[in-house]
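*Asks:* the following comprises the amino acid sequence and a computationally predicted model.
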Amino acid sequence: MTPASAPEPTRDSILNECPLNRNKLDSLKGFWRKDRCRSGGGVAIYTGDILNVREMPSFVPETIEAVCLEIIKPKTQPILITTVYCPPSSNNNFMDDLENYLHVLDSQNKEMILTGVLNCDLSLSILQSHSRRLIDILELFQMKQVIADPTRITSTTASLLDIVATNRPDKVKESGVIHLGISDHSLVYVSLKVAVPRDKPKIVESRNLKNYNINYFNNHISHLLRNSSWDHKDQTHLWIQFKNIFNYVSDIHARIKTRKVRSTYAPWLTTEIRCEMNKRDHLKKRAVKSNSKRLHRDYQLKRNEVNKLIKSAKRGYCKDHIELNKHNPKEMWKNINQVIGGKGRFSKTTTISAIKDDLGCTIHDEKLIADRLNKYFVEVGCHLVLGTFLST
């Protein structure tokens, strides 16, 4: 399926609650389906014959209407993609079964994508109990729901029932909703980056003062300075000579060492939080290696604890910095831009190539455009005051 209005050709198409003719589709390559035992539809995923895919039926419990595939791409971590359908008449046990199902997928330590119709309206300002439970489950496995617009629109309602959630939201390039006439549910889509290149680590140089002795350093540099010729009249030459001697002695007594630091800006990550993060990662490795339910549960508890610590530390850091610089907007916004990822990601520079003056004539000269804009903003306050006075 490649919708004409989709931004890019669709590689994976997922169908929910769709009665399909088995005779026409059995010979179709790359079509994975699970039909209902009773009359009606089922769920299916179409991948075509381009991708290297294998079905994972052992992961899917009997109590859930779902299909699970592992997509294998060269030089990229495999992706587990699953589609799930929750009937409107399902009981409270469905969310428990869904949590257990995602627990099985999460234990594989791979990228996960959950799609489907779970009949939980996530567009409501006050979520219902089963919708809140779904959000809690997604947060438990660090998954983010990326569809924001309503997916089922009638004359009286607009509901967000069709979801796409992933534990790697940084790989989401684009997502959205396409309204088609073939169903009362609109088509949802997501475009993923095949691989996200890691940022190059920042290399910091510093002096190693572990074995530094200030007396040895002073004696050494004093000896070289006394035995050097300082007869040159050029001050620049003398400065370079002194700098070379100083650096030579420094390299002997306090060698330069290099270390890698985080390329992302996260000053709120304290030593205590980093220790807890290491414990979390260690539990994850042990849980995956041993496949122990107890270790998986310990890992989930530690993961949630670390997430709360990071959110609390980041919130406290931003609050303190804003309070500290409330009278210094430049420094305050500088820090805010660093926290949210930098100015360039969220703002655009607009180039004004032409404007019109009061007589309607078009101005193209850059200096005249700048003068005209400057004059407008200088006089706008007076015009506003005058207009307010005249209107009263």
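*Replies:* On my side now, so go ahead.
*Asks:* hey, let's count contacts and neighbours off CA atoms from now on
*Replies:* Will do.
*Asks:* tell me how far Ser206 lies from Tyr212.
*Replies:* 13 Å (C-alpha to C-alpha, to the nearest Å).
*Asks:* cool, and Leu160?
*Replies:* Leu160 is 65 Å from Tyr212, where distance means C-alpha to C-alpha.
*Asks:* the more surrounded of the two?
*Replies:* A direct count of neighbours by other C-alpha atoms under 10 Å for Leu160 and Tyr212 places Leu160 higher, at 22 against 15.
*Asks:* so what's that one closest to, chain neighbours aside?
*Replies:* Leaving aside its chain neighbours, Leu160 sits nearest to Pro150 (4.3 Å; criterion: C-alpha to C-alpha, 6 or more residues apart in numbering).
*Asks:* residues in contact with that neighbour?
*Replies:* 123, 158-161, 177 (C-alpha atoms under 8 Å, 6 or more residues apart in numbering).
*Asks:* just the buried residues of those.
*Replies:* Among those, those that count as buried by neighbour count (16 or more other C-alpha atoms under 10 Å) are 123, 159-161, 177.
*Asks:* among these, which lie within strands?
*Replies:* Using DSSP state E, the subset of the buried ones among the contacts of Pro150 located in strands is 159, 177.
*Asks:* mind checking the SS state of the most centrally placed residue in the chain?
*Replies:* The centre of the chain sits closest to Asp170, judged by C-alpha atoms, centre = their mean, with a distance of 3.5 Å. Using DSSP: H, G, I helix; E, B strand; the rest coil as the criterion, the local structure at Asp170 reads helix.
*Asks:* cool, Leu69 as well?
*Replies:* Under the three-state scheme (three-state DSSP), Leu69 adopts strand.
*Asks:* my read: it touches Leu80, true?
*Replies:* Yes - taking C-alpha atoms under 8 Å as the definition, Leu69 is a contact partner of Leu80 at 5.8 Å.
*Asks:* of these two, which one has the most company?
*Replies:* Taking neighbours as other C-alpha under 10 Å, Leu69 and Leu80 compare with Leu80 leading, 24 against 19.
*Asks:* which residues sit in contact with that one?
*Replies:* Counting by C-alpha under 8 Å, 6+ apart, Leu80 has contacts 68-71, 105, 110-113.
*Asks:* okay, and it sits in which element?
*Replies:* Leu80 is part of strand 79-85, with elements assigned from DSSP states H and E.
*Asks:* hang on, the earlier thing: by neighbour count, which of the contacts of Leu80 wins?
*Replies:* Sorting these by how many neighbours each has (other C-alpha under 10 Å) puts Cys68 first, at 25 neighbours.
*Asks:* list the contacts of it.
*Replies:* Applying C-alpha under 8 Å, 6+ apart, we find Cys68 in contact with 55-57, 59-60, 80-83.
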